[in-house]
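Novice: Just a sequence and a predicted model for now, questions to come.
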Amino acid sequence: MRTTTRPTRSLARGLAALAVSGTLVLAGCSSDSDEPEADPTSEASDDASDDASDDASDDASDDASEDASEDAGEAAGVTYDVPEGWEDVTEEVAGQAAGQVGGDTGRELASAARDTEATTFADNVNVISLGELPTDDLGEIEQQTLRELEAGGLQQAETLDRAELDGEEASRTTGVLRQSGVGIRVDQFLTVRDGTAWSVTFSHSTETPEADRQDDIDTVTQSLDFED
């Protein structure tokens with residue numbers, strides 16, 4: 001007789017991946033902030049310094065941005081291309097997600113990236129190593145993932161056709177998360193590679209056009225490379 005012990009233990013980690021996604025959601029929300037007024041006595045010197053350095057720095061920043069857009073997802077054990085206008089925010093998210101990843105959790109945040117051109121909500125992705133799960137049965141993983149994510153507040157949750165991540169079959173669960181009044185479409189992929197489970201979680205504003213959302217997902221998933 002099959003018990004529920006194994007899937008319950010395993011996919012609680014999948015829910016943690018969604019929780020990290022929620023952390024990044026908050027980091028992605030932008031709002032007007034009160035900045036300290038500039039010291040009028042320093043404005044003239046600051047402007048002169050800025051003018052002198054602008055020309056030299058523009059070329060360098062353009063080159064850096066171009067390089068970052070190619071492999072901003074390069075991190076612990078995984079690389080991927082990021083959509084145009086996105087940047088790597090792994091260190092920022094790792095700090096915010098302390099206790100959910102790292103330490104004794106058995107989960108490691110491999111990478112996170114988000115849209116830098118958004119004005120209200122930054123569409124984003126995170127990749128998490130979930131470690132060794134008690135089951136590698138993808139069907140079992142799909143069922144329990146759906147239950148766990150629904151229990152975690154994901155609405156309209158459903159399992160979609162399986163995908164492929166770097167040559168390995170992956171489950172895909174989607175749904176809508178509402179956080180701080182923001183509607184967020186979540187797409188979470190789960191795969192097991194060489195005994196290690198990985199989650200790739202996308203969070204998009206529900207206002208992001210479907211075609212743009214799918215382009216973002218394709219850019220990451222089709223270039224994803226787990227470093228063996």
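Specialist: That came through, no problem. Numbers count the residues shown, from 1 in each chain.
Novice: can we go C-alpha only for contacts and neighbour counts from here?
Specialist: Fine.
Novice: Now do the strands in the protein.
Specialist: 78-79, 86-88, 108-115, 124-131, 155-165, 168-179, 182-193, 196-205, 225-226 (DSSP state E).
Novice: just checking, what packs against the first one?
Specialist: Read it as strand 78-79. Applying 3 or more CA pairs under 8 Å, 6 or more residues apart in numbering; DSSP states H and E, one finds that strand 78-79 makes contact with strand 225-226.
Novice: what about the strand it packs on, average pLDDT?
Specialist: If you average the pLDDT over strand 225-226, you get 92.
Novice: Counting neighbours, what do you get for Ala98?
Specialist: Residues contacting Ala98 under the criterion other CA atoms under 10 Å number 13.
Novice: Which strand residues bridge it?
Specialist: Using DSSP bridges, the bridge partners assigned to Ala98 are Val101.
Novice: coming back round to it: which one, of the strands of the chain, ends up nearest to Leu149?
Specialist: Nearest to Leu149 among the strands of the chain is strand 155-165 (7.7 Å), distances taken as CA to CA.
Novice: By mean pLDDT, point me to the weakest helix or strand of the chain.
Specialist: helix 40-71 (a mean of 44; mean pLDDT, DSSP states H and E).
Novice: In the chain, where is pLDDT below threshold?
Specialist: Applying pLDDT under 70 to the chain flags residues 1-76, 228.
Novice: change it to 50
Specialist: Low-confidence segments of the chain, defined by pLDDT under 50: 1-10, 26, 31-49, 52-53, 56-70, 72, 74-75.
Novice: Save the strands of the chain as a markdown table, and put in mean neighbour count too.
Specialist: A markdown table is the format used below for the strands of the chain (neighbours: other CA atoms under 10 Å):
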| stretch | mean neighbour count |
| --- | --- |
| strand 78-79 | 19 |
| strand 86-88 | 24 |
| strand 108-115 | 24 |
| strand 124-131 | 26 |
| strand 155-165 | 16 |
| strand 168-179 | 20 |
| strand 182-193 | 23 |
| strand 196-205 | 24 |
| strand 225-226 | 16 |
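Novice: out of those, nearest to Ala98?
Specialist: Ranking these by proximity to Ala98 (CA to CA) places strand 108-115 first, at 10.0 Å.
Novice: In contact with Ser83, which residues?
Specialist: I think there's a mix-up here, since residue 83 is Pro and not Ser. 69, 215-216, 219-220 (CA atoms under 8 Å, 6 or more residues apart in numbering).
Novice: Which of these sits closest to Leu109?
Specialist: Ranked by distance to Leu109 (CA to CA), the contacts of Pro83 are led by Val220 at 16.1 Å.
Novice: picking up where we left off before, out of the strands of the chain, nearest to Asp137?
Specialist: When those are compared by CA to CA, strand 182-193 sits nearest Asp137, at 8.9 Å.
Novice: What are the contacting residues of that closest one?
Specialist: Contacts for strand 182-193 (CA under 8 Å, 6+ apart): 14, 18, 136, 138, 163, 165, 168-178, 197-206.
Novice: let's see 7 Å
Specialist: With contact meaning CA atoms under 7 Å, 6 or more residues apart in numbering, strand 182-193 is reached by 136, 168-178, 197-206.
Novice: Okay then, goodbye and thanks.
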